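K.L.:
Make a model of this:
(one chain, ligands or ions: 2)
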Amino acid sequence: MTPYPFDAPASQALLERALAVTPGGVNSPVRAFRAVGGTPRFMASGAGPYLTDVDGREYVDLVGSWGPMILGHRHPAVVEAVQAAVADGFSFGTPSENEVRLCEEIVARVEPVEQVRLVSSGTEATMSAIRLARGYTGRSLVVKFAGCYHGHVDSLLAQAGSGVATFALPDSAGVPKEMAAETIVLPYNDLAAVEQAFAAQGAEIAAVITEASPGNMGVVPPAPGFTEGLRRITAAHGALLISDEVMTGFRCSAAGWYGLEGPYDAGAPDLFTFGKVMGGGFPAAAFGGRADVMALLAPVGPVYQAGTLSGNPVATAAGRATLEQCTPALYARLDEAADALTAALRDELGRAGVPHTIQRAGSMFSVFFRDGAVTDYDGARAQHVPAFGAFFHSMLSQGVYLPPSAFESWFVSGAHDDAAVDRVVSAVPAAAAAAAEAFATIDS
Ligand SMILES: Cc1ncc(COP(=O)(O)O)c(C=O)c1O
Ligand SMILES: NCC(=O)CCC(=O)O
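P.N.:
Ligands and ions are numbered 1, 2, ... in the order given. Sure thing, here's the model as predicted:
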(Lines give C-alpha, C1' and ligand atoms only; values in the text may rest on other atoms or scores of the structure.)
(Ligands and ions follow the chains in the order given, each with its own letter.)
Protein backbone atom coordinates (compact mmCIF):
# COMPACT_ATOMS: atom_id res chain seq x y z
CA MET A 1 0.00 0.00 0.00
CA THR A 2 1.32 3.48 -0.84
CA PRO A 3 2.53 5.24 2.30
CA TYR A 4 0.96 8.51 3.39
CA PRO A 5 2.47 11.44 1.47
CA PHE A 6 3.33 12.90 4.85
CA ASP A 7 3.63 11.54 8.34
CA ALA A 8 0.24 10.49 9.74
CA PRO A 9 1.12 8.13 12.57
CA ALA A 10 -2.29 8.00 14.26
CA SER A 11 -4.13 7.15 11.00
CA GLN A 12 -1.49 4.56 10.15
CA ALA A 13 -1.77 2.88 13.54
CA LEU A 14 -5.56 2.76 13.29
CA LEU A 15 -5.38 1.37 9.78
CA GLU A 16 -3.18 -1.49 10.98
CA ARG A 17 -5.64 -2.30 13.78
CA ALA A 18 -8.59 -2.02 11.39
CA LEU A 19 -6.98 -4.33 8.82
CA ALA A 20 -6.65 -7.00 11.49
CA VAL A 21 -10.32 -7.01 12.40
CA THR A 22 -12.26 -5.94 9.29
CA PRO A 23 -11.77 -6.75 5.59
CA GLY A 24 -9.71 -4.03 3.91
CA GLY A 25 -9.80 -2.02 7.12
CA VAL A 26 -13.15 -0.43 6.20
CA ASN A 27 -16.81 -1.02 6.95
CA SER A 28 -17.92 0.07 3.48
CA PRO A 29 -15.69 -0.49 0.42
CA VAL A 30 -15.97 3.06 -0.96
CA ARG A 31 -14.06 4.34 2.06
CA ALA A 32 -10.93 2.46 1.04
CA PHE A 33 -8.43 4.26 -1.18
CA ARG A 34 -7.80 1.24 -3.40
CA ALA A 35 -8.84 2.94 -6.64
CA VAL A 36 -6.70 6.03 -6.05
CA GLY A 37 -3.88 4.42 -4.11
CA GLY A 38 -2.66 5.44 -0.68
CA THR A 39 -4.28 4.88 2.66
CA PRO A 40 -7.57 6.20 3.99
CA ARG A 41 -7.71 8.98 6.55
CA PHE A 42 -9.35 8.13 9.86
CA MET A 43 -11.56 11.03 10.82
CA ALA A 44 -11.93 12.10 14.42
CA SER A 45 -14.47 14.92 14.17
CA GLY A 46 -16.45 17.15 11.87
CA ALA A 47 -17.58 20.75 12.25
CA GLY A 48 -19.47 22.69 9.58
CA PRO A 49 -17.72 22.11 6.23
CA TYR A 50 -14.58 20.62 7.83
CA LEU A 51 -13.36 17.19 8.89
CA THR A 52 -10.39 16.67 11.20
CA ASP A 53 -8.43 13.44 11.07
CA VAL A 54 -6.87 11.60 14.00
CA ASP A 55 -3.54 13.29 13.25
CA GLY A 56 -5.15 16.69 13.68
CA ARG A 57 -5.24 17.64 9.96
CA GLU A 58 -8.26 19.57 8.78
CA TYR A 59 -9.94 19.07 5.40
CA VAL A 60 -12.73 20.85 3.57
CA ASP A 61 -15.21 17.98 3.21
CA LEU A 62 -16.74 17.46 -0.25
CA VAL A 63 -18.04 13.97 0.57
CA GLY A 64 -20.49 14.88 3.32
CA SER A 65 -20.75 11.27 4.51
CA TRP A 66 -21.71 10.39 0.89
CA GLY A 67 -24.62 12.80 0.87
CA PRO A 68 -26.41 13.06 4.21
CA MET A 69 -24.57 16.06 5.67
CA ILE A 70 -26.47 18.72 3.73
CA LEU A 71 -26.19 21.15 6.66
CA GLY A 72 -22.50 20.38 7.30
CA HIS A 73 -21.26 18.59 10.40
CA ARG A 74 -22.82 19.04 13.82
CA HIS A 75 -25.46 21.60 12.85
CA PRO A 76 -26.71 23.04 16.17
CA ALA A 77 -30.40 22.46 15.42
CA VAL A 78 -29.74 18.78 14.72
CA VAL A 79 -27.49 18.40 17.78
CA GLU A 80 -30.28 19.85 19.90
CA ALA A 81 -32.96 17.58 18.40
CA VAL A 82 -30.80 14.49 18.85
CA GLN A 83 -29.93 15.34 22.44
CA ALA A 84 -33.59 15.90 23.25
CA ALA A 85 -34.54 12.57 21.64
CA VAL A 86 -31.76 10.67 23.42
CA ALA A 87 -32.90 12.10 26.73
CA ASP A 88 -36.29 10.47 26.12
CA GLY A 89 -34.92 7.01 25.26
CA PHE A 90 -33.09 5.29 22.42
CA SER A 91 -35.52 2.83 20.89
CA PHE A 92 -38.94 1.65 21.95
CA GLY A 93 -39.97 -0.95 19.38
CA THR A 94 -43.35 0.76 19.34
CA PRO A 95 -44.72 3.57 17.22
CA SER A 96 -43.60 7.01 18.44
CA GLU A 97 -44.24 10.64 17.53
CA ASN A 98 -40.87 11.42 15.92
CA GLU A 99 -41.43 8.88 13.17
CA VAL A 100 -44.90 10.27 12.43
CA ARG A 101 -43.43 13.75 12.14
CA LEU A 102 -40.73 12.60 9.73
CA CYS A 103 -43.25 10.71 7.58
CA GLU A 104 -45.50 13.80 7.51
CA GLU A 105 -42.58 15.97 6.41
CA ILE A 106 -41.72 13.58 3.53
CA VAL A 107 -45.33 13.27 2.38
CA ALA A 108 -45.73 17.07 2.50
CA ARG A 109 -42.62 17.63 0.38
CA VAL A 110 -42.93 15.06 -2.40
CA GLU A 111 -46.37 15.45 -3.91
CA PRO A 112 -46.88 11.95 -5.43
CA VAL A 113 -45.85 10.28 -2.17
CA GLU A 114 -49.06 9.54 -0.28
CA GLN A 115 -47.62 7.09 2.24
CA VAL A 116 -44.16 6.08 3.36
CA ARG A 117 -42.62 3.25 5.34
CA LEU A 118 -39.42 4.00 7.28
CA VAL A 119 -36.37 1.72 7.16
CA SER A 120 -32.75 2.12 8.26
CA SER A 121 -30.75 2.23 5.00
CA GLY A 122 -31.15 3.04 1.34
CA THR A 123 -30.47 -0.61 0.56
CA GLU A 124 -33.48 -1.68 2.61
CA ALA A 125 -35.58 0.97 0.90
CA THR A 126 -34.84 -0.25 -2.64
CA MET A 127 -35.01 -3.92 -1.66
CA SER A 128 -38.43 -3.39 -0.10
CA ALA A 129 -39.71 -1.26 -3.00
CA ILE A 130 -38.77 -4.06 -5.41
CA ARG A 131 -40.55 -6.66 -3.28
CA LEU A 132 -43.61 -4.44 -3.11
CA ALA A 133 -43.60 -3.92 -6.88
CA ARG A 134 -43.37 -7.68 -7.39
CA GLY A 135 -46.18 -8.25 -4.93
CA TYR A 136 -48.35 -5.64 -6.59
CA THR A 137 -47.84 -6.83 -10.15
CA GLY A 138 -47.40 -10.55 -9.54
CA ARG A 139 -44.40 -10.39 -11.89
CA SER A 140 -40.73 -10.92 -11.17
CA LEU A 141 -38.43 -9.20 -13.70
CA VAL A 142 -36.86 -5.85 -12.85
CA VAL A 143 -35.19 -3.41 -15.23
CA LYS A 144 -32.24 -1.39 -13.95
CA PHE A 145 -29.66 0.76 -15.72
CA ALA A 146 -25.93 0.16 -16.00
CA GLY A 147 -24.00 2.51 -13.73
CA CYS A 148 -26.91 3.06 -11.35
CA TYR A 149 -26.41 1.95 -7.76
CA HIS A 150 -29.35 1.10 -5.56
CA GLY A 151 -27.50 -0.32 -2.57
CA HIS A 152 -26.19 -3.85 -2.23
CA VAL A 153 -29.47 -5.65 -2.97
CA ASP A 154 -28.66 -9.03 -4.60
CA SER A 155 -30.72 -8.52 -7.72
CA LEU A 156 -29.56 -4.91 -8.18
CA LEU A 157 -25.80 -5.50 -8.03
CA ALA A 158 -25.56 -6.06 -11.79
CA GLN A 159 -23.37 -3.45 -13.55
CA ALA A 160 -23.89 -1.27 -10.50
CA GLY A 161 -22.25 2.09 -9.95
CA SER A 162 -20.49 3.39 -6.82
CA GLY A 163 -17.98 0.93 -5.33
CA VAL A 164 -18.81 -1.72 -7.94
CA ALA A 165 -17.78 0.77 -10.64
CA THR A 166 -14.85 2.10 -8.61
CA PHE A 167 -13.32 -1.35 -8.31
CA ALA A 168 -14.27 -2.27 -11.92
CA LEU A 169 -16.34 -5.30 -10.89
CA PRO A 170 -18.86 -6.56 -13.48
CA ASP A 171 -21.19 -7.48 -10.60
CA SER A 172 -20.85 -9.23 -7.26
CA ALA A 173 -19.86 -12.79 -6.43
CA GLY A 174 -22.39 -14.48 -4.19
CA VAL A 175 -25.48 -13.47 -6.17
CA PRO A 176 -27.25 -16.66 -7.35
CA LYS A 177 -27.59 -16.79 -11.12
CA GLU A 178 -31.34 -17.30 -10.75
CA MET A 179 -31.46 -13.96 -8.94
CA ALA A 180 -29.31 -12.21 -11.54
CA ALA A 181 -31.58 -13.61 -14.26
CA GLU A 182 -34.47 -11.64 -12.76
CA THR A 183 -32.69 -8.38 -13.63
CA ILE A 184 -32.54 -6.81 -17.07
CA VAL A 185 -29.70 -4.29 -17.27
CA LEU A 186 -30.01 -1.58 -19.93
CA PRO A 187 -27.90 1.43 -20.93
CA TYR A 188 -28.93 4.64 -19.16
CA ASN A 189 -30.68 7.32 -21.22
CA ASP A 190 -31.58 4.80 -23.94
CA LEU A 191 -35.37 4.73 -24.31
CA ALA A 192 -35.16 2.57 -27.43
CA ALA A 193 -33.52 -0.17 -25.34
CA VAL A 194 -36.34 0.12 -22.79
CA GLU A 195 -38.98 -0.11 -25.54
CA GLN A 196 -37.27 -3.23 -26.89
CA ALA A 197 -37.09 -4.91 -23.51
CA PHE A 198 -40.78 -4.27 -22.93
CA ALA A 199 -41.69 -5.41 -26.42
CA ALA A 200 -39.93 -8.72 -25.70
CA GLN A 201 -40.90 -9.36 -22.06
CA GLY A 202 -43.28 -6.57 -21.00
CA ALA A 203 -45.84 -8.89 -19.42
CA GLU A 204 -43.20 -10.25 -17.02
CA ILE A 205 -41.62 -6.96 -15.91
CA ALA A 206 -42.66 -5.85 -12.41
CA ALA A 207 -40.78 -2.57 -12.33
CA VAL A 208 -38.18 -0.26 -13.76
CA ILE A 209 -35.92 1.18 -11.08
CA THR A 210 -33.78 4.20 -11.88
CA GLU A 211 -31.75 6.70 -9.94
CA ALA A 212 -33.82 9.88 -10.23
CA SER A 213 -30.66 11.55 -11.51
CA PRO A 214 -27.73 9.16 -11.34
CA GLY A 215 -24.82 10.10 -9.09
CA ASN A 216 -23.14 6.74 -8.72
CA MET A 217 -21.21 6.71 -12.03
CA GLY A 218 -20.33 10.35 -11.48
CA VAL A 219 -23.21 12.74 -12.11
CA VAL A 220 -25.17 11.80 -15.24
CA PRO A 221 -28.55 13.59 -15.33
CA PRO A 222 -31.40 12.12 -17.36
CA ALA A 223 -31.71 13.46 -20.90
CA PRO A 224 -34.85 15.59 -21.35
CA GLY A 225 -37.80 13.24 -21.73
CA PHE A 226 -36.00 10.11 -20.49
CA THR A 227 -37.77 9.77 -17.14
CA GLU A 228 -41.05 10.76 -18.73
CA GLY A 229 -40.49 8.05 -21.34
CA LEU A 230 -39.91 5.47 -18.61
CA ARG A 231 -43.21 6.53 -17.05
CA ARG A 232 -45.02 6.20 -20.38
CA ILE A 233 -43.60 2.78 -21.22
CA THR A 234 -44.05 1.25 -17.74
CA ALA A 235 -47.65 2.51 -17.51
CA ALA A 236 -48.45 1.09 -20.96
CA HIS A 237 -47.27 -2.36 -19.81
CA GLY A 238 -48.68 -2.36 -16.28
CA ALA A 239 -45.23 -2.20 -14.66
CA LEU A 240 -44.30 0.15 -11.81
CA LEU A 241 -41.73 2.94 -12.03
CA ILE A 242 -39.48 3.26 -8.97
CA SER A 243 -37.54 6.49 -8.68
CA ASP A 244 -34.53 6.03 -6.40
CA GLU A 245 -34.03 9.37 -4.69
CA VAL A 246 -31.75 8.06 -1.93
CA MET A 247 -29.02 10.43 -3.12
CA THR A 248 -31.04 13.21 -4.78
CA GLY A 249 -33.97 13.28 -2.32
CA PHE A 250 -34.17 16.58 -0.38
CA ARG A 251 -30.72 17.34 -1.86
CA CYS A 252 -31.48 18.61 -5.38
CA SER A 253 -34.49 20.59 -4.11
CA ALA A 254 -36.99 20.50 -1.23
CA ALA A 255 -38.77 17.73 -3.17
CA GLY A 256 -35.58 16.14 -4.49
CA TRP A 257 -35.02 15.54 -8.21
CA TYR A 258 -38.78 15.26 -8.65
CA GLY A 259 -39.03 18.88 -7.48
CA LEU A 260 -36.75 19.97 -10.33
CA GLU A 261 -38.05 17.76 -13.14
CA GLY A 262 -41.62 16.81 -12.18
CA PRO A 263 -44.51 16.76 -12.50
CA TYR A 264 -44.37 14.69 -15.67
CA ASP A 265 -47.22 14.83 -18.20
CA ALA A 266 -47.17 11.05 -18.34
CA GLY A 267 -47.70 10.81 -14.55
CA ALA A 268 -45.52 10.48 -11.47
CA PRO A 269 -43.37 7.48 -10.55
CA ASP A 270 -45.37 4.94 -8.52
CA LEU A 271 -42.77 4.48 -5.81
CA PHE A 272 -39.86 6.54 -4.50
CA THR A 273 -36.95 5.57 -2.29
CA PHE A 274 -35.20 7.99 0.07
CA GLY A 275 -32.22 7.92 2.44
CA LYS A 276 -29.13 10.00 3.22
CA VAL A 277 -30.39 13.60 3.82
CA MET A 278 -33.65 12.43 5.44
CA GLY A 279 -31.63 10.77 8.23
CA GLY A 280 -29.42 13.79 8.84
CA GLY A 281 -26.39 11.52 9.31
CA PHE A 282 -28.26 8.83 11.27
CA PRO A 283 -29.60 5.53 9.89
CA ALA A 284 -33.01 6.44 8.50
CA ALA A 285 -34.37 5.81 5.02
CA ALA A 286 -37.79 5.28 3.46
CA PHE A 287 -39.80 4.09 0.52
CA GLY A 288 -43.21 5.40 -0.38
CA GLY A 289 -45.62 6.39 -3.10
CA ARG A 290 -49.14 5.59 -4.25
CA ALA A 291 -51.43 4.72 -1.35
CA ASP A 292 -53.03 1.79 -3.20
CA VAL A 293 -49.61 0.22 -3.76
CA MET A 294 -48.40 0.92 -0.21
CA ALA A 295 -51.59 -0.71 1.07
CA LEU A 296 -50.13 -4.07 0.07
CA LEU A 297 -47.56 -3.84 2.87
CA ALA A 298 -48.00 -5.84 6.08
CA PRO A 299 -49.86 -5.45 8.38
CA VAL A 300 -52.47 -4.14 5.91
CA GLY A 301 -51.54 -6.37 2.99
CA PRO A 302 -49.59 -9.53 2.15
CA VAL A 303 -46.12 -8.09 1.31
CA TYR A 304 -43.95 -8.54 4.40
CA GLN A 305 -41.45 -5.87 5.39
CA ALA A 306 -40.12 -5.05 8.88
CA GLY A 307 -37.26 -3.72 11.03
CA THR A 308 -36.33 -3.69 14.74
CA LEU A 309 -34.91 -0.16 14.48
CA SER A 310 -37.17 1.17 11.70
CA GLY A 311 -38.37 4.67 12.60
CA ASN A 312 -35.84 4.87 15.44
CA PRO A 313 -36.75 7.90 17.57
CA VAL A 314 -33.24 9.40 17.60
CA ALA A 315 -32.63 8.92 13.86
CA THR A 316 -36.04 10.30 12.95
CA ALA A 317 -35.49 13.32 15.22
CA ALA A 318 -32.22 14.02 13.40
CA GLY A 319 -33.90 13.61 10.03
CA ARG A 320 -36.80 15.87 10.84
CA ALA A 321 -34.53 18.56 12.30
CA THR A 322 -32.39 18.37 9.15
CA LEU A 323 -35.35 18.65 6.79
CA GLU A 324 -36.67 21.64 8.74
CA GLN A 325 -33.44 23.46 7.84
CA CYS A 326 -33.81 22.53 4.15
CA THR A 327 -35.32 25.87 3.17
CA PRO A 328 -35.18 27.80 -0.12
CA ALA A 329 -32.28 29.80 1.39
CA LEU A 330 -30.34 26.58 2.01
CA TYR A 331 -30.83 25.37 -1.58
CA ALA A 332 -29.77 28.80 -2.88
CA ARG A 333 -26.56 28.58 -0.84
CA LEU A 334 -25.84 25.03 -2.07
CA ASP A 335 -26.23 26.24 -5.64
CA GLU A 336 -23.94 29.22 -5.03
CA ALA A 337 -21.22 27.03 -3.53
CA ALA A 338 -21.55 24.52 -6.40
CA ASP A 339 -21.45 27.40 -8.94
CA ALA A 340 -18.25 28.78 -7.45
CA LEU A 341 -16.53 25.40 -7.27
CA THR A 342 -17.53 24.21 -10.73
CA ALA A 343 -16.47 27.55 -12.27
CA ALA A 344 -13.04 27.32 -10.63
CA LEU A 345 -12.64 23.69 -11.68
CA ARG A 346 -13.60 24.50 -15.27
CA ASP A 347 -11.20 27.46 -15.43
CA GLU A 348 -8.20 25.74 -13.93
CA LEU A 349 -8.60 22.40 -15.70
CA GLY A 350 -9.04 24.34 -18.95
CA ARG A 351 -5.96 26.46 -18.26
CA ALA A 352 -3.92 23.33 -17.54
CA GLY A 353 -5.14 21.72 -20.79
CA VAL A 354 -6.78 18.80 -18.95
CA PRO A 355 -9.61 17.12 -20.91
CA HIS A 356 -12.64 17.29 -18.65
CA THR A 357 -16.43 17.49 -18.42
CA ILE A 358 -18.24 18.79 -15.35
CA GLN A 359 -21.83 17.59 -14.91
CA ARG A 360 -24.41 18.75 -12.39
CA ALA A 361 -27.77 17.77 -10.96
CA GLY A 362 -28.88 20.61 -8.70
CA SER A 363 -25.91 21.16 -6.41
CA MET A 364 -24.53 17.63 -6.97
CA PHE A 365 -21.63 17.62 -9.41
CA SER A 366 -18.63 15.64 -10.54
CA VAL A 367 -15.69 15.97 -12.91
CA PHE A 368 -15.12 13.40 -15.66
CA PHE A 369 -11.54 13.41 -16.88
CA ARG A 370 -12.48 13.26 -20.57
CA ASP A 371 -13.97 15.63 -23.14
CA GLY A 372 -17.63 15.66 -24.14
CA ALA A 373 -20.94 15.01 -22.42
CA VAL A 374 -21.31 11.75 -20.49
CA THR A 375 -24.74 10.17 -20.89
CA ASP A 376 -24.22 6.59 -19.71
CA TYR A 377 -21.94 4.16 -17.91
CA ASP A 378 -19.76 3.40 -20.95
CA GLY A 379 -19.17 7.13 -21.30
CA ALA A 380 -18.32 7.45 -17.60
CA ARG A 381 -15.83 4.61 -17.84
CA ALA A 382 -14.15 6.17 -20.86
CA GLN A 383 -12.40 8.75 -18.68
CA HIS A 384 -8.76 8.92 -17.61
CA VAL A 385 -9.02 7.35 -14.16
CA PRO A 386 -5.33 7.89 -13.24
CA ALA A 387 -5.79 11.64 -13.86
CA PHE A 388 -8.55 11.61 -11.28
CA GLY A 389 -6.23 9.82 -8.84
CA ALA A 390 -3.51 12.44 -9.32
CA PHE A 391 -6.05 15.23 -8.91
CA PHE A 392 -7.50 13.57 -5.79
CA HIS A 393 -4.13 13.17 -4.07
CA SER A 394 -3.08 16.73 -4.79
CA MET A 395 -6.35 18.03 -3.34
CA LEU A 396 -6.01 15.74 -0.31
CA SER A 397 -2.49 16.91 0.42
CA GLN A 398 -3.81 20.49 0.28
CA GLY A 399 -6.59 19.73 2.76
CA VAL A 400 -9.57 18.96 0.51
CA TYR A 401 -11.40 15.65 0.98
CA LEU A 402 -12.96 14.38 -2.28
CA PRO A 403 -14.60 10.99 -2.80
CA PRO A 404 -11.75 8.53 -3.45
CA SER A 405 -13.27 7.47 -6.78
CA ALA A 406 -13.80 8.91 -10.26
CA PHE A 407 -17.35 7.49 -10.20
CA GLU A 408 -18.96 9.43 -7.38
CA SER A 409 -20.79 12.70 -6.88
CA TRP A 410 -19.22 15.54 -4.89
CA PHE A 411 -21.38 17.22 -2.27
CA VAL A 412 -21.44 20.70 -0.77
CA SER A 413 -23.36 21.71 2.35
CA GLY A 414 -25.03 24.82 3.66
CA ALA A 415 -21.99 25.25 5.92
CA HIS A 416 -19.65 25.63 2.91
CA ASP A 417 -19.19 29.36 3.33
CA ASP A 418 -16.91 31.57 1.24
CA ALA A 419 -13.89 30.70 3.38
CA ALA A 420 -14.36 26.96 2.80
CA VAL A 421 -15.06 27.44 -0.92
CA ASP A 422 -11.95 29.63 -1.26
CA ARG A 423 -9.82 26.95 0.37
CA VAL A 424 -10.97 24.46 -2.26
CA VAL A 425 -10.56 26.94 -5.11
CA SER A 426 -6.99 27.76 -4.08
CA ALA A 427 -6.10 24.04 -4.14
CA VAL A 428 -7.36 23.47 -7.69
CA PRO A 429 -4.44 24.87 -9.78
CA ALA A 430 -1.85 22.47 -8.33
CA ALA A 431 -4.30 19.56 -8.61
CA ALA A 432 -5.05 20.47 -12.25
CA ALA A 433 -1.30 20.47 -12.95
CA ALA A 434 -1.03 17.01 -11.34
CA ALA A 435 -3.89 15.76 -13.53
CA ALA A 436 -2.23 17.22 -16.65
CA GLU A 437 0.96 15.40 -15.78
CA ALA A 438 -0.93 12.11 -15.31
CA PHE A 439 -2.55 12.54 -18.75
CA ALA A 440 0.90 13.09 -20.25
CA THR A 441 2.60 10.17 -18.54
CA ILE A 442 0.13 7.42 -17.61
CA ASP A 443 -2.04 5.40 -19.97
CA SER A 444 -5.67 5.41 -18.93
C1 LIG B 1 -29.12 6.11 -5.34
C2 LIG B 1 -28.79 5.23 -4.18
N3 LIG B 1 -29.63 4.25 -3.83
C4 LIG B 1 -29.40 3.45 -2.78
C5 LIG B 1 -28.25 3.61 -2.02
C6 LIG B 1 -28.03 2.69 -0.86
O7 LIG B 1 -28.11 3.37 0.35
P8 LIG B 1 -27.38 2.81 1.66
O9 LIG B 1 -25.91 2.97 1.45
O10 LIG B 1 -27.92 3.68 2.76
O11 LIG B 1 -27.79 1.39 1.83
C12 LIG B 1 -27.34 4.63 -2.36
C13 LIG B 1 -26.10 4.88 -1.60
O14 LIG B 1 -25.52 4.16 -0.94
C15 LIG B 1 -27.62 5.46 -3.46
O16 LIG B 1 -26.79 6.43 -3.82
N1 LIG C 1 -22.30 7.01 -3.84
C2 LIG C 1 -21.91 5.90 -3.10
C3 LIG C 1 -22.64 5.76 -1.86
O4 LIG C 1 -23.41 6.58 -1.50
C5 LIG C 1 -22.35 4.56 -1.08
C6 LIG C 1 -21.79 4.83 0.24
C7 LIG C 1 -21.30 3.52 0.81
O8 LIG C 1 -21.55 2.48 0.21
O9 LIG C 1 -20.65 3.55 1.86
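K.L.:
for the stretch 101-250 of the chain, what spans make up the helices?
P.N.:
122-137, 163-166, 177-180, 191-201, 226-236 (DSSP state H, counting those that start in this stretch).
K.L.:
name the helices or strands packed onto the second one?
P.N.:
Right, the one you point to is helix 163-166. The contact analysis (3 or more Cβ pairs under 8 Å, 6 or more residues apart in numbering; DSSP states H and E) places helix 163-166 against helix 377-381. Bear in mind the C-beta positions are built from the backbone N, C-alpha and C, glycine included.
K.L.:
Could you do the first one as well?
P.N.:
Counting contacts by 3+ Cβ pairs under 8 Å, 6+ apart, helix 122-137 packs against strand 115-119, strand 141-145, strand 205-211, strand 240-244, strand 271-274, strand 285-289, helix 291-294.
K.L.:
Just put those in CSV and tack on mean pLDDT, distance to L402 and mean neighbour count.
P.N.:
Formatted as CSV, the helices and strands packed on helix 122-137 follow (pLDDT from 0 to 100; distance: least, Cβ to Cβ, whole Å; neighbours: other Cβ atoms under 10 Å):
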stretch, mean pLDDT, distance to L402, mean neighbour count
strand 115-119, 98, 29, 23
strand 141-145, 97, 25, 26
strand 205-211, 98, 20, 26
strand 240-244, 98, 23, 29
strand 271-274, 98, 25, 30
strand 285-289, 98, 25, 28
helix 291-294, 98, 38, 16
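K.L.:
For ligand 2, which of the ones you listed is the nearest?
P.N.:
Ligand 2 sits nearest to strand 205-211 of all the helices and strands packed on helix 122-137, at 9.9 Å, using Cβ to the nearest ligand atom.
K.L.:
The closest one: partners in the sheet, and parallel or antiparallel?
P.N.:
Strand 205-211 sits in its sheet next to strand 141-145 (parallel), strand 240-244 (parallel), going by DSSP bridges.
K.L.:
residue contacts, whichever residue of the stretch 1-150 of the chain sits closest to ligand 1?
P.N.:
Ligand 1 sits closest to G122 of the stretch 1-150 of the chain, with a gap of 2.2 Å, by Cβ to the nearest ligand atom. Neighbour list for G122: H150, G151, D244, V246, T273, F274, G275, K276, A285 [criterion: Cβ atoms under 8 Å, 6 or more residues apart in numbering].
K.L.:
Dump those residues to CSV, plus distance to A343.
P.N.:
As requested, the contacts of G122 are arranged in CSV below (distance: Cβ to Cβ, whole Å):
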residue, distance to A343
H150, 32
G151, 33
D244, 30
V246, 28
T273, 32
F274, 30
G275, 30
K276, 26
A285, 33
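K.L.:
List just the nearest of these to A337.
P.N.:
K276 (17.9 Å; Cβ to Cβ).
K.L.:
who wins for proximity to S128 among the helices and strands packed on helix 122-137?
P.N.:
Of all the helices and strands packed on helix 122-137, strand 285-289 sits nearest to S128, with 5.5 Å by Cβ to Cβ.
K.L.:
at contact distance from ligand 2, anything in that closest one?
P.N.:
No - using Cβ under 6 Å from any ligand atom, we find that strand 285-289 stays clear of ligand 2, coming within 11.7 Å at best.
K.L.:
orientation of that strand relative to strand 240-244 in degrees?
P.N.:
Strand 285-289 and strand 240-244 are oriented at 150 degrees to each other (axes from the mean of the first three to the mean of the last three Cα atoms, to 10 degrees).
K.L.:
could you say what helices and strands strand 285-289 packs with?
P.N.:
Strand 285-289 makes packing contacts with helix 97-109, strand 115-119, helix 122-137, strand 271-274 when contacts are defined by 3+ Cβ pairs under 8 Å, 6+ apart.
K.L.:
go with 6 Å
P.N.:
strand 115-119, helix 122-137, strand 271-274 (3 or more Cβ pairs under 6 Å, 6 or more residues apart in numbering; DSSP states H and E).
K.L.:
so does the shortest one get close to ligand 2?
P.N.:
I take that to be strand 271-274. No - Strand 271-274 lies out of reach of ligand 2 by Cβ under 6 Å from any ligand atom, never closer than 12.9 Å.
K.L.:
State the distance from L309 to L141.
P.N.:
Relative to L141, L309 is positioned 32 Å away (Cβ to Cβ, to the nearest Å).
K.L.:
What score does the residue in the stretch 151-300 of the chain positioned nearest to ligand 2 have for pLDDT?
P.N.:
Closest to ligand 2 within the stretch 151-300 of the chain is S162: 3.8 Å, counting by Cβ to the nearest ligand atom. Model confidence at S162, given as pLDDT, is 87.
K.L.:
What number of residues are in the vicinity of it?
P.N.:
By other Cβ atoms under 10 Å, 26 other residues sit near S162.
K.L.:
Same question for R74.
P.N.:
By other Cβ under 10 Å, 15 other residues sit near R74.
K.L.:
The helix or strand bottoming out on mean pLDDT in the chain vs ligand 1: in contact?
P.N.:
Least confident helix or strand of the chain, by mean pLDDT, DSSP states H and E, is helix 163-166 with a mean of 85. No - between helix 163-166 and ligand 1, judged by Cβ under 6 Å from any ligand atom, nothing touches; the nearest distance is 9.0 Å.
K.L.:
ok now that helix, how far from the chain's centre?
P.N.:
A distance of 13 Å separates the centroid of the chain from that of helix 163-166, by Cα atoms, centre = their mean, to the nearest Å.
K.L.:
can you offset everything so residue one is 743?
P.N.:
Shifting the count to begin at 743 puts that one at helix 905-908.
K.L.:
Can you add distance to S1139 and give the helices and strands packed on strand 1027-1031 back as JSON lines?
P.N.:
Below are the helices and strands packed on strand 1027-1031 laid out as JSON lines (distance: least, Cβ to Cβ, whole Å):
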{"stretch": "strand 857-861", "distance to S1139": "39"}
{"stretch": "helix 864-879", "distance to S1139": "32"}
{"stretch": "strand 1013-1016", "distance to S1139": "36"}
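K.L.:
how about those, which one is nearest N958?
P.N.:
Closest approach to N958 among these (Cβ to Cβ): helix 864-879, 10.8 Å.
K.L.:
ok, and the closest non-adjacent residue to A949?
P.N.:
Nearest non-adjacent residue to A949, counting by Cβ to Cβ, 6 or more residues apart in numbering: A875, 3.8 Å away.
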